[in-house]
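Engineer: Fold the following for me, if possible:
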Amino acid sequence: FIGIPTFIYMHNCVPYTHGVQSIGFREIAGGFKGSTEFDHAYTLRYGAEKAAIFVGAKGRNYVNQGHGWQSVEAPFRMAGTVTVAYLKETTYICYQGNGIYKLNPSTGQITPVVLQGLNTSSLKGITAANAYLIAYDDNTIYFSDPTDELNFQPTLSSGAGSESVLQIRGKIVCALPIENGFIIYTTTNAVSGVFSGESRFPWVYREIDGSSGIQKPEHVAWTSNYAGHYAWTTAGLQSISVQTADLVFPEVSDFLAGRELEDYVGDLRLFPGNSAMNSSAGPFGEFLEQPVGPNQLLINKLPETLEQMQIKVAMISSRYLVVSYGLLELTHALIYDIGLKRWGKLRRKHVAVFEYFNLETGMGLAKKTLALLDKSGRISLATVDSASDVDKTDSVVMLGRIQPMRGQNADLLAVESSIMHQTKGSLAVIPSLNGSDYLPEIKPVIVDAGFNKIVHQMEIFGRNFILKYSGDFQLHSIQAVANITRGA
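Structural biologist: Residues are numbered from 1 along each chain as shown. As a prediction, this is how the structure comes out:
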């Protein structure tokens, strides 16, 4: 064969040790029909083993403690950017310009928290570092008494105080925790605050070499216990530690900074598109339907009125870097497996990707913690399981282009695949007579099916071929048999 066949396209596929496998979705929380207010997902921890999922939902304050969504009453309807900080077995919630709150898990109420010596109506957000509760506005960092995180009254004995950080070069967007300190992200650069051990001057600030600005807090993946964050910045994707910011995955940065999104219209006729959303949300989200034609890989362009795609970045289980993107809303997500150092991709409409825990034990299971929240409140857990309640019908990978000899046509006779589900998985062959324009796909017949392999037989003529796998599969070996036809 000419060269090495590679992945032409995929979605709802992730890498595994020996190849690539399909991924499906299990619904673990239902949504509200007609609702469009769910936006971000935050994990609220209270105690060593209990957790809840919190969604601000434009002030409606939904909480899921393992028994479905409940709209939690608050002193008043709050709206604005939400940040959270976990400190001393309590998660504090900050509504920008509306104060600090916490969830009472017993009563299910959100109650206000009074910070002594600080006007919370002017705060943009909060975080936690070491034993300190950290608050910030556009230009100033405020830190609490380490023995009482609610005391911000600056005295020599309390250790609380505030600082206008000289190293920041723009407005503060957010501050996020890191080992032994926190990182301040601004519209222009990033500055680290490292704990000094000195109670009167607890933080040593340093501009991070090579750092660039961010636009939104959700452009930073910070929930792992690594010594750094991943961030979508004005320079592209960066890995940011307390000392340096390094550009990573430039090919992904170039794609996200572009204005085109490639997508596949297949047997399910699902197609995100860039037009208005369908009012009826199916199991795949509110995808539009498009007629299936010979050219099933289509390019969608970003509207001229928008500067860039919608983007969010998340870290899941200290293993998966997830970069969500879409034209008018989040429709896809690139997944980088830090252990395998390979990429996968999801296609499912969502508003947030977050790390899911068993809300009773506060623990997650390996490779079963990546959850997607959609705007109706539905939570779907991404999983490679083949159980009956897992839907893998919208998984697809295209491998090619297979051509036995340069300048020669061929008859593709058989393909042996390991492993593919006999009834829930399928193979189709997309042939080309000139090497670039492709004919409608052809589905071959199964002639041999075992536990570890399936053999398809066919007789398809063409210059080269693409193998399209869909449904339930776990591919680690593919063998194709072809007969070369002399003459162009």
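Engineer: any chance you could map the helices in the stretch 201-350 of the chain?
Structural biologist: Taking DSSP state H, counting those that start in this stretch to define them, one finds helices in the stretch 201-350 of the chain at 250-257.
Engineer: I'd like to check which residues are in contact with residue 183.
Structural biologist: Counting by C-beta atoms under 8 Å, 6 or more residues apart in numbering, residue 183 touches 175-176, 190-193, 208, 229, 240, 242. Yep, even glycine has a C-beta here, placed from its N, CA and C like the rest.
Engineer: Same question for residue 209.
Structural biologist: Contacts of residue 209 (C-beta under 8 Å, 6+ apart): 243-245.
Engineer: Which single one of those residues is nearest to residue 467?
Structural biologist: Distances from residue 467 to those, taken as C-beta to C-beta, are shortest for residue 245 (40.7 Å).
Engineer: Pretty sure that closest one sits against residue 239.
Structural biologist: Yes: under the criterion of C-beta atoms under 8 Å, residue 245 makes contact with residue 239 at 7.2 Å.
Engineer: For those two, indicate the residue with more neighbours.
Structural biologist: Set residue 245 next to residue 239 and count neighbours by other C-beta atoms under 10 Å: residue 245 wins out with 23 against 17.
Engineer: ok, what's across the strand from that one?
Structural biologist: residue 240 (DSSP bridges).
Engineer: so what's it up against?
Structural biologist: The contact partners of residue 245, by C-beta under 8 Å, 6+ apart, come to 190, 208-212, 231, 233, 238-239.
Engineer: List buried residues within these.
Structural biologist: Buried by 16 or more other C-beta atoms under 10 Å: 190, 208, 210-212, 231, 233, 238-239, out of these.
Engineer: for the chain, longest strand please?
Structural biologist: strand 409-432 (DSSP state E).
Engineer: ok so, going back, can you tell me which of the buried ones among the contacts of residue 245 is closest to residue 72?
Structural biologist: Distances from residue 72 to these, taken by C-beta to C-beta, are shortest for residue 231, at 30.8 Å.
Engineer: and that closest one, how far is that from residue 223?
Structural biologist: 13 Å (C-beta to C-beta, to the nearest Å).
Engineer: For residue 82, which non-adjacent residue is spatially closest?
Structural biologist: Counting by C-beta to C-beta, 6 or more residues apart in numbering, the nearest residue to residue 82 once its immediate chain neighbours are dropped is residue 56, at 4.4 Å.
Engineer: just to revisit the earlier point, could you work out the most separated pair of the contacts of residue 245?
Structural biologist: Within the contacts of residue 245, two members stand farthest from each other by C-beta to C-beta: 209 and 231, at 14.5 Å.
Engineer: Model confidence for residue 48, exactly?
Structural biologist: Per-residue pLDDT puts residue 48 at 66.
Engineer: middle-most residue in this protein, spatially?
Structural biologist: residue 322 (3.6 Å; C-alpha atoms, centre = their mean).
Engineer: Hmm, residue 316 and that residue touching each other?
Structural biologist: Yes: using C-beta under 8 Å, residue 322 is in contact with residue 316, at 6.0 Å.
Engineer: What distance do you get for residue 396 to residue 7?
Structural biologist: Distance from residue 396 to residue 7, by C-beta to C-beta: 11 Å.
Engineer: make that residue 228, sorry
Structural biologist: The value you get for residue 228 to residue 7, if C-beta to C-beta is used, is 29 Å.
Engineer: more crowded one of the two?
Structural biologist: Remark: of residue 228 and residue 7, residue 228 carries more neighbours, 21 against 13, as counted by other C-beta under 10 Å.
Engineer: could you check the distance from that one over to residue 107?
Structural biologist: The value you get for residue 228 to residue 107, if C-beta to C-beta is used, is 39 Å.
Engineer: same check, this time on residue 191
Structural biologist: In terms of C-beta to C-beta, residue 191 sits 39 Å off from residue 107.
Engineer: and the gap between the nearest residue to residue 464 once chain neighbours are set aside and residue 430?
Structural biologist: In this structure, residue 464 finds its nearest non-sequential neighbour in residue 403, 3.7 Å apart by C-beta to C-beta, 6+ apart. For residue 403, the distance to residue 430 equals 13 Å [C-beta to C-beta].
Engineer: So for the two, which residues contact both of them?
Structural biologist: Contacts common to residue 403 and residue 430, judged by C-beta under 8 Å, 6+ apart, are residue 465.
Engineer: Tell me which residues touch residue 164, please.
Structural biologist: Residue 164 touches 139-141, counting by C-beta under 8 Å, 6+ apart.
Engineer: The same query, at a cut-off of 6 Å, please.
Structural biologist: When contacts are counted by C-beta atoms under 6 Å, 6 or more residues apart in numbering, residue 164 touches 139-140.
Engineer: same question, the one 10 residues further on
Structural biologist: With contacts taken as C-beta under 6 Å, 6+ apart, residue 174 has the following neighbours: 125, 185, 217.
Engineer: what do you get for residue 461?
Structural biologist: Taking C-beta under 6 Å, 6+ apart as the test, what residue 461 contacts is residue 411.
Engineer: So which helix or strand of the protein has the lowest pLDDT on average?
Structural biologist: Here the helix or strand of the chain ranked lowest by mean pLDDT, DSSP states H and E is strand 288-289, holding a mean of 55.
Engineer: what mean pLDDT would you report for the one helix or strand residue 174 maps to?
Structural biologist: Per DSSP states H and E, residue 174 falls inside strand 172-178. For strand 172-178, mean pLDDT is 97.
Engineer: Kindly report the same for stretch 374-383.
Structural biologist: 93.
Engineer: May I see the contacts of residue 209 organised as CSV, with pLDDT and distance to residue 412 added?
Structural biologist: As requested, the contacts of residue 209 are arranged in CSV below (pLDDT from 0 to 100; distance: C-beta to C-beta, whole Å):
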residue, pLDDT, distance to residue 412
243, 96, 54
244, 97, 50
245, 98, 49
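Engineer: Quick check: which ranges of this protein have low pLDDT?
Structural biologist: 1-3, 48-49, 74-79, 267-295, 359-367, 486-488 (pLDDT under 70).
Engineer: out of residue 191 and residue 107, which sits in the more crowded spot?
Structural biologist: residue 191 (23 against 10).
Engineer: how about the more buried one, what does it touch?
Structural biologist: Residues in contact with residue 191, defined by C-beta under 6 Å, 6+ apart, are 165, 167-168, 184, 205, 207.
Engineer: run the last query once more with 8 Å
Structural biologist: 165, 167-168, 183-184, 205-208, 211.
Engineer: List only those of those residues flagged as buried.
Structural biologist: 165, 168, 183-184, 205, 207-208, 211.
Engineer: how much space between the closest residue to residue 315 other than its chain neighbours and residue 232?
Structural biologist: In space, and not counting its chain neighbours, residue 315 is closest to residue 221: 3.9 Å by C-beta to C-beta, 6+ apart. Taking C-beta to C-beta as the criterion, residue 221 is separated from residue 232 by 9 Å.
Engineer: what residues do those two have in common as contacts?
Structural biologist: With C-beta under 8 Å, 6+ apart, residue 221 and residue 232 have common neighbours residue 313.
Engineer: element containing the residue nearest to residue 129 when sequence neighbours are not counted?
Structural biologist: Closest residue to residue 129 apart from its sequence neighbours, by C-beta to C-beta, 6+ apart: residue 182 at 4.3 Å. Secondary structure from DSSP H and E places residue 182 in strand 181-186.
Engineer: Quick one: distance of that strand to the chain centre.
Structural biologist: 21 Å (C-alpha atoms, centre = their mean, to the nearest Å).
Engineer: List the pairing partners of that strand within its sheet, with orientation.
Structural biologist: In the sheet, strand 181-186 lines up with strand 172-178 (antiparallel), strand 190-195 (antiparallel) (DSSP bridges).
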